[in-house]
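> I need the structure of the sequence given here:
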Amino acid sequence: MFYNTESGHKLPHDPFKAIVAPRPIGWISSIDKDKNVNLAPYSFFNAISDNPPMVMFSITGTKKNENSLKDTLKNISDTKSFVVNIVSKELINQMNVSSGNYSKETDEFNLSKLEKSNCVNIDVPRVKKSPASLECKLYKIIELPGLSNNMVIGKVIGIHIDDKYLQKGIFDVLTFNPVARMGYKDYTIINTKFELERPK
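Numbers count the residues shown, from 1 in each chain. Prediction:
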C-alpha cells in the first residue's frame, strides 16, 4: 500500500510509529522553579552527536484536558536543565506508571516508588536505579509544525553509570536489557546483540 500522510492511511491505527521502531526511551526528570519534580518517558528520543555529546527528545501535544504546556517542557524552559534516565527491563513498570497525566504537584518518583539520587552539575534528581543517567543543560527548544510539538536539544555535561553494568570497561546493555518503544501499545527489550566491522 501507499498513502499520502495528509490524506490518511485508512487503517485501524496509525502505522507511522510502528515503522520507525524500535525507539529508545528517554526517561526525563526535570524540576520547576518551586522545586516540584517531574519524571516522564518520551520515545521520540535519541543521541544526536558525541563531540560534544548531545541528545534530543520531542514533546508532542499539550496536557490532557488543559491547553497548557506539558510539565517537562515548561520545567526545562524555565530551569534550562534536565536528566535523561535509561530504562532497564527491571524498571518497565515504574516507567509506565510515570507516563500518566498528573498535576504538576505530583512527584512521579514517589508515585512510582523510585529512589532519587542527586546530580553533580544540576539541581535535578535522577533515577537511582537507572543503569545510566545523563545530566543535560538545555541547548535549544525548536518549535515544530503541528499542535504544540517541540524538540528539546540538550548538551550532556555529566554522565552517571552504575558500575555493575560495566564489563571489562564496556557498558554492556545485555546486563540490564534497555527498553524500547514500538508502535501502538508495544514495547521491546534488547536481549541480543552482534558486531559488524565497517568496510575499509
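> From now on I want contacts and neighbour counts done on CA atoms only, so please keep to that.
Noted.
> measure stretch 79-87 end to end?
Using Cα to Cα, to the nearest Å, the end-to-end distance of stretch 79-87 comes to 24 Å.
> If we go by neighbour counts, what in that stretch is buried?
79-87 (16 or more other Cα atoms under 10 Å).
> May I see these arranged in a markdown table, with distance to residue 157, pLDDT and secondary structure as well?
Putting these into a markdown table (distance: Cα to Cα, whole Å; pLDDT from 0 to 100; DSSP: H, G, I helix; E, B strand; the rest coil) gives the following:
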| residue | distance to residue 157 | pLDDT | secondary structure |
| --- | --- | --- | --- |
| 79 | 15 | 97 | helix |
| 80 | 12 | 98 | coil |
| 81 | 10 | 98 | strand |
| 82 | 11 | 98 | strand |
| 83 | 10 | 98 | strand |
| 84 | 12 | 98 | strand |
| 85 | 14 | 98 | strand |
| 86 | 16 | 98 | coil |
| 87 | 20 | 98 | coil |
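> show me the contacts for the most centrally placed residue in the chain.
The geometric centre of the chain, computed from its C-alpha atoms, lies nearest to residue 26 (Cα atoms, centre = their mean), at 1.4 Å. The neighbourhood of residue 26, defined by Cα atoms under 8 Å, 6 or more residues apart in numbering, consists of 41-46, 57, 84-87.
> go again using 10 Å as the cut-off
Residues in contact with residue 26 (Cα atoms under 10 Å, 6 or more residues apart in numbering) are 40-47, 55-58, 83-87, 133-134, 179-180.
> Got a quick PyMOL command for the buried subset of those residues?
Selection of buried members from those for PyMOL, criterion 16+ other Cα under 10 Å:
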select buried, resi 40+41+42+43+44+45+46+55+56+57+58+83+84+85+86+87+133+134+179+180
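> Could you pick out which of the contacts of residue 26 are located in strands?
Among these, the ones falling in strands (DSSP state E) are 40-42, 45-47, 55-58, 83-85, 133-134, 179-180.
> Quick check: the gap between residue 1 and residue 197.
In terms of Cα to Cα, residue 1 sits 35 Å off from residue 197.
> Over to residue 51?
22 Å.
> Looking at these two, which one has more neighbours?
residue 51 (8 against 5; other Cα atoms under 10 Å).
> Report pLDDT for that one.
Note on residue 51: pLDDT of 97.
> for it, what are its contacts?
Here residue 51 is in contact with 155-156 (Cα under 10 Å, 6+ apart).
> Kindly report the same for residue 58.
26, 42-46, 73, 141-144, 149-153.
> For it, which non-adjacent residue is closest in space?
Excluding the flanking residues, the one nearest residue 58 by Cα to Cα, 6 or more residues apart in numbering is residue 151, at 4.2 Å.
> ok, now how distant is that neighbour from residue 72?
Counting by Cα to Cα, the gap from residue 151 to residue 72 is 12 Å.
> what do those two both touch?
What both residue 151 and residue 72 touch, as defined by Cα under 10 Å, 6+ apart, is the set residue 59.
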